[in-house]
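S.K.: My questions concern the predicted model and sequence given below.
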Amino acid sequence: MPFINVIVSGSPDAALSAKIASAIARLTTEHLGKDPAVTAVAISYIAPEHWFAGGQSIAAAGIASYWLDIKVTDATNTKDEIEAYIAAVFAGMSQLLGGVHEESYALVDAVPAAAYGFGGKTQEHRFIAGRLAAAA
């Protein structure tokens, strides 16, 4: 049930957004084991001349960049899974964007189950309800 926010340097491009959303959802399933049926991806764009990395604008550097922020439930992924995910995201975004600045980032934000949810129910509620159903 992760929510993934991706910011990309460049002009809005619906076709590119669809490719990014598909790739990121696939990588999230492959590396973090998240269910694609409840994965949400939002993509926004910032003009390269308004994005700075390493002290200069991305426009001046002539290379793309991205920021990916994914919210997942705490204690559902290992450090090794997260490390592999961040590496795969970098490789995937580099391929999709034609290379990316080294100062492109991914944040896996592991939040408490009691503070995160969808459909009006927290992840903690879903966990407890699942345990009660299994015990019955």
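M.R.: Looks like it arrived, so ask away. Residues are numbered from 1 along each chain as shown.
S.K.: Now the closest residue to residue 75 other than its chain neighbours: which helix or strand?
M.R.: Excluding its sequence neighbours, the residue lying closest to residue 75 (Cβ to Cβ, 6 or more residues apart in numbering) is residue 110, at 7.1 Å. C-beta: built from backbone N, CA, C; applies to glycine. Using DSSP states H and E, residue 110 falls within strand 105-111.
S.K.: Could you list the buried residues of that strand?
M.R.: 106, 108 (16 or more other Cβ atoms under 10 Å).
S.K.: before we move on, back to that, show me what contacts the residue nearest to residue 75?
M.R.: Contact analysis of residue 110 by Cβ atoms under 8 Å, 6 or more residues apart in numbering lists 72, 73, 74, 75, 76, 77.
S.K.: so the first one sits right up against residue 112, yeah?
M.R.: No - applying Cβ atoms under 8 Å, one finds residue 72 not in contact with residue 112, separated by 11.2 Å.
S.K.: Now the common contact residues for the two.
M.R.: By Cβ under 8 Å, 6+ apart, no residue touches both residue 72 and residue 112.
S.K.: Look at these two and report which has more neighbours.
M.R.: residue 72 (23 against 12; other Cβ atoms under 10 Å).
S.K.: Tell me the first helix or strand C-terminal of the least confident helix or strand in the chain by mean pLDDT.
M.R.: In the chain, the helix or strand scored least confidently by mean pLDDT, DSSP states H and E is strand 117-118, which has a mean of 90. Per DSSP H and E, the first helix or strand lying C-terminal to strand 117-118 is strand 121-122.
S.K.: Now do the next helix or strand after that next one, average pLDDT.
M.R.: Later in the chain than strand 121-122, the nearest helix or strand by DSSP H and E is helix 123-135. Across helix 123-135, pLDDT averages out at 93.
S.K.: quick one: helix 123-135 to strand 105-111, angle?
M.R.: Angle between the axes of helix 123-135 and strand 105-111 is 60 degrees (criterion: axes from the mean of the first three to the mean of the last three Cα atoms, to 10 degrees).
S.K.: From the contact counts, what lies against helix 123-135?
M.R.: Under the contact definition 3 or more Cβ pairs under 8 Å, 6 or more residues apart in numbering; DSSP states H and E, helix 123-135 sits against strand 117-118.
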